[in-house]
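Undergrad: can't give you the sequence, but here's the structure:
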């Protein structure tokens, strides 16, 4: 006797949940900011003219100086900041030529009045000394840019402000562009020293922004060389005063 089973009854499926009466709209993705252009002095594609690029550097300096530090890592190399530094050093070269010409002229007049051979020798050596200095000034500018930028990078590391992704070469590039503007600011009568001190603070703030670190770390790193120089000068004066007093007695 075989047993037969009846047909299976289908299991009723669960009804799908009713859609909500209101659903929030999907979030709108914010557009990404446009990529930064290179430093205006290096942006040959956007500004082919040389003086147009120089003017754009000054416009960016007065409109948004910290964007200069944002644009530094877009490109690489020391050639462009060095050329910009040399360009803004031309007024200093002209002042040196004027000073040496005045000193040589005064020495020549004194020698003619007193008929001294030493005065003629000094007047004859002035153009030679001036020529040697002018020939070495580009080298001194390059060394000052490299050493100054490397020291700022080193002191920023000491203050714990270095972040991965921005190396010492970018710190040197930033220091080269910034020191070029500081040279011009130092020529302002009566305010040159204050402008240079304020510029050093701005360099520290810009380096902190470029390295994505705290602002106070960058400012401390930029001021550390000045503090060290002042401390060494104070120690030297403290050692020199007793020596001079003993010599006088």
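TA: Cool, got the structure. Values in this document were obtained by computation on a predicted structure and should not be read as measured data.

Undergrad: can you pull out the helices in the chain?
TA: 50-63, 65-71, 79-88, 90-114, 117-158, 168-185, 192-210, 215-248 (DSSP state H).

Undergrad: now the nearest residue to residue 210 once chain neighbours are set aside: how far from residue 219?
TA: Spatially, and ignoring its direct neighbours in sequence, residue 210 is nearest to residue 69 (4.5 Å; C-beta to C-beta, 6 or more residues apart in numbering). Glycine gets a C-beta too; all of them are placed from N, C-alpha and C. Note on residue 69: its distance to residue 219, by C-beta to C-beta, to the nearest Å, is 13 Å.

Undergrad: hmm, back to that, mind putting the helices of the chain into TSV with distance to residue 38 and mean pLDDT?
TA: Formatted as TSV, those follow (distance: least, C-beta to C-beta, whole Å; pLDDT from 0 to 100):
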stretch	distance to residue 38	mean pLDDT
helix 50-63	10	92
helix 65-71	6	91
helix 79-88	9	93
helix 90-114	24	72
helix 117-158	18	81
helix 168-185	11	92
helix 192-210	14	91
helix 215-248	22	86
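
Undergrad: can you tell which of those helices is closest to residue 26?
TA: Closest approach to residue 26 among the helices of the chain (C-beta to C-beta): helix 65-71, 32.0 Å.

Undergrad: so which bits of the closest one are buried?
TA: 67-69, 71 (16 or more other C-beta atoms under 10 Å).

Undergrad: do stretch 166-175 as well
TA: So, applying 16+ other C-beta under 10 Å, buried residues of stretch 166-175: 166, 168-175.

Undergrad: need the contact partners of that stretch.
TA: Applying C-beta atoms under 8 Å, 6 or more residues apart in numbering, the set of residues contacting stretch 166-175 from outside is 68-69, 72-73, 76-78, 80-81, 145-146, 148-150, 152-153, 156, 203, 206-207, 210-212.

Undergrad: do stretch 79-98 as well
TA: Contacts to stretch 79-98, defined as C-beta under 8 Å, 6+ apart, come from residues 39, 41-42, 54, 57, 130, 133-134, 137-138, 141-142, 145, 172-173, 176-177, 179-181, 183-184, 187.
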